[in-house]
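Asks: here's my sequence, what's the structure:
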Amino acid sequence: EALYEALEGHPVTIRFLDPPLHEFVPTEEADIKALAEAQGKSVEDIKALIPHREPMLLLDYAERLDDGSGIAEYTIREDDFFCVSLADGTRVVPAPIICEIMAQSCVTVAYNVIHNYLPLYASMNNVVFNGVVRPGDKCDITTQLIFNRGNLYQCKISLRVCGELRCEGEFACALVPKEV
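Replies: As a prediction, this is how the structure comes out:
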């Protein structure tokens, strides 16, 4: 209900990309904890921002910058369940997972208010893929706020690997009260 009020009659697409894979894939809490500590953050810091949990927690680090933009990082692990093998044996990250990584970083621009809300992935537009993301790649994600009305945040997000643009697009998240 709060989502529709915040949109004030504007259209919205809500996508749920989180299948119950935790039932089939073992979680590696120790590995996640070690990486978060290396970044100076705790796993709980990231978990406080977004509702995702292993294995669909796809941010190792997230921060809102002083100018209101955000940065995030995620390193694709060799054993991440979502990596797929192409016919020639090359392992890659599927496009929907790349979009999910980017969508999760959208919360960085709402960092100051997000602790009282549940962020919902609202939409993605104009997504362009410019290259392949592979296991072992460290994804650097930048988020720039385009539009904010009430609890709706629309952002321009880019994902780079070794400085090279791999994907960019516009993503939106809506914040709904956690009491819902």
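Asks: every contact and neighbour count from this point should use C-alpha atoms.
Replies: OK.
Asks: endpoint to endpoint, stretch 60-67 covers what distance?
Replies: End-to-end distance of stretch 60-67 (C-alpha to C-alpha, to the nearest Å): 22 Å.
Asks: er, stretch 61-72 I mean
Replies: 5 Å.
Asks: now it: average pLDDT?
Replies: The average pLDDT within stretch 61-72 is 86.
Asks: now stretch 109-126
Replies: 78.
Asks: would you mark the buried spots in it?
Replies: Buried residues in stretch 109-126, counted by 16 or more other C-alpha atoms under 10 Å: Val109, Ala110, Tyr111, Ile114, Tyr117, Leu118, Pro119, Leu120, Tyr121, Ala122, Ser123, Met124.
Asks: and it, C-alpha only, in PDB?
Replies: Output of stretch 109-126 as PDB, limited to C-alpha atoms (Å, rounded to 0.1, in the frame of the first residue of the first chain):
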ATOM      1  CA  VAL A 109      21.500   6.200  -1.900                       C
ATOM      2  CA  ALA A 110      18.800   5.700   0.800                       C
ATOM      3  CA  TYR A 111      21.200   4.700   3.500                       C
ATOM      4  CA  ASN A 112      20.200   7.500   5.900                       C
ATOM      5  CA  VAL A 113      16.500   6.400   6.100                       C
ATOM      6  CA  ILE A 114      16.600   2.700   5.200                       C
ATOM      7  CA  HIS A 115      16.900   1.300   8.700                       C
ATOM      8  CA  ASN A 116      13.200   1.700   9.300                       C
ATOM      9  CA  TYR A 117      12.100   0.300   6.000                       C
ATOM     10  CA  LEU A 118      12.200  -2.800   3.800                       C
ATOM     11  CA  PRO A 119      13.600  -2.000   0.400                       C
ATOM     12  CA  LEU A 120      11.700  -3.600  -2.500                       C
ATOM     13  CA  TYR A 121      13.200  -3.900  -6.000                       C
ATOM     14  CA  ALA A 122      10.700  -1.900  -8.100                       C
ATOM     15  CA  SER A 123      11.900  -1.700 -11.700                       C
ATOM     16  CA  MET A 124      14.800  -1.600 -14.100                       C
ATOM     17  CA  ASN A 125      15.000   0.200 -17.400                       C
ATOM     18  CA  ASN A 126      17.500   0.800 -20.200                       C
END
